[in-house]
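Undergrad: 3D model of this:
(one chain, ligands or ions: 2)
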Amino acid sequence: MIRVENLHRHFGGFRAVDGASLEIQTGSITGLIGPNGAGKSTLFNVIAGVLKPTSGRVMMDGEEITGLAPHELFHKGLLRTFQIAHEFSSMTVRENLMMVPARQSGETLWNAWTARRRIAQEEAELLKKADEVLDFLTISHLRDELAGNLSGGQKKLLELGRTMMVDAKIVFLDEVGAGVNRTLLNTIGDAIVRLNKERGYTFCVIEHDMDFIARLCDPVIVMAEGKVLAQGSADHIMENEAVIEAYLGT
Ligand code: ADP
Ligand code: MG
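TA: Residues are numbered from 1 along each chain as shown. Ligands and ions are numbered 1, 2, ... in the order given. All right, here's what the predicted structure looks like:
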């Protein structure tokens, strides 16, 4: 689904991403691991249109998507989750989901007179969809809770939920497990697996918790110093000398 070709992203003279090439297969849950500072988040941000690459290409289903803006990628079904923005923390969990634009209704003066009715219909559909998402993620009981009151893990689930409000094809998750307790991490893992199996989502997941990676991801791609160091099953990766060295070296 995604092919990254010889990608570079430099900051001044510093090569955060230094000629990374990799592929993410349709239907996979691909793990991306590597020591701190390896360039994982920068790579994600370039793929997701948040940062422009210095050079190199990103392809999606054979079409070049290098440098497209996040909203253009969003319409192609490529999503990167973001932390719940501060201004949304005083809205409820359900309202947060409904803020995600499910569809553009093509607002024009021509059809403005039907707008009221259409908006009401769309809102009812959004509401239904939001409730389905909450049910899927087993957080229906948090529906009317303010997003700002959620625990770290619950926020992660809500972020994942936001990707379900649109027809996502591929979702990039950066450190899903950071600051999340084991029980919620398992819930998040289960949600990812179900989205993959039942909805056909492809995932690329950055995570430091190797148990989580090993349980969910195949293949696992290892980055170090801006480059892809190794790729393979989790077991295979953990026995790789270069990978062990990269981790011990930091
Ligand atoms: P990772 O996610 O693998 O820990 P990052 O992609 O966040 O690594 O960072 C890779 C390197 O690039 C780090 O050394 C970081 O300090 C540097 N870096 C990231 N973003 C910037 C930036 N905006 N300006 C300068 N250096 C940056
Ligand atoms: Mg990072």
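
Undergrad: just for this structure, where's the confidence low?
TA: For the chain, applying pLDDT under 70 flags the ranges 84-87, 101-113, 250.

Undergrad: nearest residue to the residue nearest the centre of it other than its sequence neighbours?
TA: Centroid check for the chain by Cα atoms, centre = their mean gives F172 as the closest residue, at 2.5 Å. Spatial nearest neighbour of F172, excluding adjacent residues (Cβ to Cβ, 6 or more residues apart in numbering): R80 at 4.3 Å. The C-beta positions use only the backbone N, C-alpha and C, and glycine is treated the same way.

Undergrad: For T163, give me its contacts.
TA: Shown in contact with T163 (Cβ atoms under 8 Å, 6 or more residues apart in numbering): L79, T81, V171, Y201.

Undergrad: Ok, G56 next?
TA: By Cβ under 8 Å, 6+ apart, the contact list for G56 reads V4, E5, N6, L7, H8, G19, A20, T66.

Undergrad: cutoff 7 Å now
TA: Going by Cβ atoms under 7 Å, 6 or more residues apart in numbering, G56 touches E5, N6, L7, H8.

Undergrad: do S41 as well
TA: Per Cβ under 7 Å, 6+ apart, neighbours of S41: D174, I206.

Undergrad: The closest residue to I221 other than its chain neighbours - how many residues pack around it?
TA: Of all residues not flanking I221 in the chain, Q231 sits nearest, at 4.8 Å (Cβ to Cβ, 6+ apart). Counted with other Cβ atoms under 10 Å, residues neighbouring Q231 total 18.

Undergrad: Can you name the helix or strand that Q231 falls in?
TA: Using DSSP states H and E, Q231 sits in strand 227-232.

Undergrad: Could you name the helices and strands sitting against that strand?
TA: In terms of contacts (3 or more Cβ pairs under 7 Å, 6 or more residues apart in numbering; DSSP states H and E), strand 227-232 is packed against strand 14-24, strand 220-224, helix 241-248.

Undergrad: Next, the angle from it to strand 220-224.
TA: Calculated by axes from the mean of the first three to the mean of the last three Cα atoms, to 10 degrees, strand 227-232 forms an angle of 160 degrees with strand 220-224.

Undergrad: send the alpha carbons of strand 227-232 over as CSV?
TA: Listed next in CSV are the C-alpha coordinates belonging to strand 227-232 (Å, rounded to 0.1, in the frame of the first residue of the first chain):
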residue,chain,number,x,y,z
LYS,A,227,17.8,4.4,8.1
VAL,A,228,16.1,1.1,8.0
LEU,A,229,18.4,-1.4,9.8
ALA,A,230,16.4,-4.6,9.5
GLN,A,231,13.0,-6.0,8.8
GLY,A,232,11.3,-9.3,9.6
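
Undergrad: Which neighbouring elements make contact with the longest helix anywhere in the chain?
TA: In the chain, assigned by DSSP state H, the helix with the most residues is helix 115-136. On a contact count with 3+ Cβ pairs under 7 Å, 6+ apart, helix 115-136 meets helix 93-98.

Undergrad: burial measure for the residue nearest to F172, as a count.
TA: With other Cβ under 10 Å as criterion, R80 counts 21.

Undergrad: Next one: it from R162, what distance?
TA: Distance, R80 to R162, by Cβ to Cβ, to the nearest Å: 11 Å.

Undergrad: What residues does F212 make contact with?
TA: Contacts of F212 by Cβ under 7 Å, 6+ apart are G177, L185, G189.

Undergrad: element containing it, please.
TA: helix 210-216.

Undergrad: In CSV, list the C-alpha atoms belonging to that helix.
TA: C-alpha atoms of helix 210-216 as CSV (Å, rounded to 0.1, in the frame of the first residue of the first chain):
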residue,chain,number,x,y,z
MET,A,210,8.2,-5.2,22.5
ASP,A,211,5.6,-7.5,23.9
PHE,A,212,2.9,-5.3,22.3
ILE,A,213,4.9,-5.2,19.0
ALA,A,214,5.5,-9.0,19.1
ARG,A,215,1.9,-9.8,19.7
LEU,A,216,0.5,-7.5,17.0
